[in-house]
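Chemist: Just need the structure, nothing else, for what follows:
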Amino acid sequence: MKNISLLSLVFVSALGLTACGESSDNAEQAAEAAPAVEQAAPAAEPVQATAAASAPAAKASSGETGIAECDDYVAKYRSCLDKMPSEVRGSMQQGLDAALAGYKQSAEAAPDQTREACKMADAAAGQSMKAMGCDW
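Modeler: You can find the predicted model right below:
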């Protein structure tokens, strides 16, 4: 049940980020995307209660989260921060930090769900980030 809640929240966040990609004002896009990224982090906390039986299925990674898909997403997002308008850069960094903390927390207890959450976040953010001139 908690896994479904996590995936539902990530899906809603992904939809929010995708909708941001339709705006023509880059600063407005980034400002709208920030809350969606920040909302993704709290969803990771309930996943900790799930059984750790799926932990061996985690794809090995030497990055920050231990899950390659999440580490790739975080690296791409960080490389794009300098291209964001200065008025939203701080909030976007905070959103990324919150999401990263959530990914780190849930990576061991629920690696498969965390991996899927990172894939969804990557796909959704890609549209908005490309609009800001980032390579995604």
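Chemist: Name the single longest helix found in the protein.
Modeler: helix 86-109 (DSSP state H).
Chemist: which element follows it toward the C-terminus?
Modeler: The helix or strand immediately downstream of helix 86-109 is helix 111-131, counting by DSSP states H and E.
Chemist: Please name every helix or strand in contact with that following helix.
Modeler: helix 2-20, helix 26-47, helix 68-81, helix 86-109 (3 or more CB pairs under 8 Å, 6 or more residues apart in numbering; DSSP states H and E). No exception for glycine: its C-beta is placed from N, CA and C like everyone else's.
Chemist: Buried residues, it. List them.
Modeler: 111, 113-122, 124-129, 131 (16 or more other CB atoms under 10 Å).
Chemist: now do stretch 93-106
Modeler: Result for stretch 93-106 [16+ other CB under 10 Å]: buried residues 93, 95-96, 98-100, 102-106.
Chemist: what's the longest helix of the chain packed up against?
Modeler: For helix 86-109, the packing partners by 3+ CB pairs under 8 Å, 6+ apart are helix 26-47, helix 68-81, helix 111-131.
Chemist: circling back to that earlier point, wait, which of the buried residues of stretch 93-106 is closest to A68?
Modeler: Y103 (11.7 Å; CB to CB).
Chemist: Wait, the closest one touches A68, no?
Modeler: No: using CB atoms under 8 Å, Y103 makes no contact with A68, being 11.7 Å away.
Chemist: Go ahead and confirm L100 touches A75.
Modeler: No: here L100 lies out of contact with A75, judged by CB under 8 Å, at a distance of 10.8 Å.
Chemist: where in the chain is pLDDT low?
Modeler: The model of the chain has pLDDT under 70 over residues 1-62.
Chemist: Specify the local secondary structure of T65.
Modeler: coil (DSSP: H, G, I helix; E, B strand; the rest coil).
Chemist: show me what contacts it?
Modeler: If you count contacts by CB atoms under 8 Å, 6 or more residues apart in numbering, T65 has them with 71, 74, 100, 103-104, 107, 114, 118.
Chemist: do K76 as well
Modeler: 122, 125, 129, 134-136.
Chemist: tally of neighbours for M92?
Modeler: Counted with other CB atoms under 10 Å, the neighbours of M92 add up to 23.
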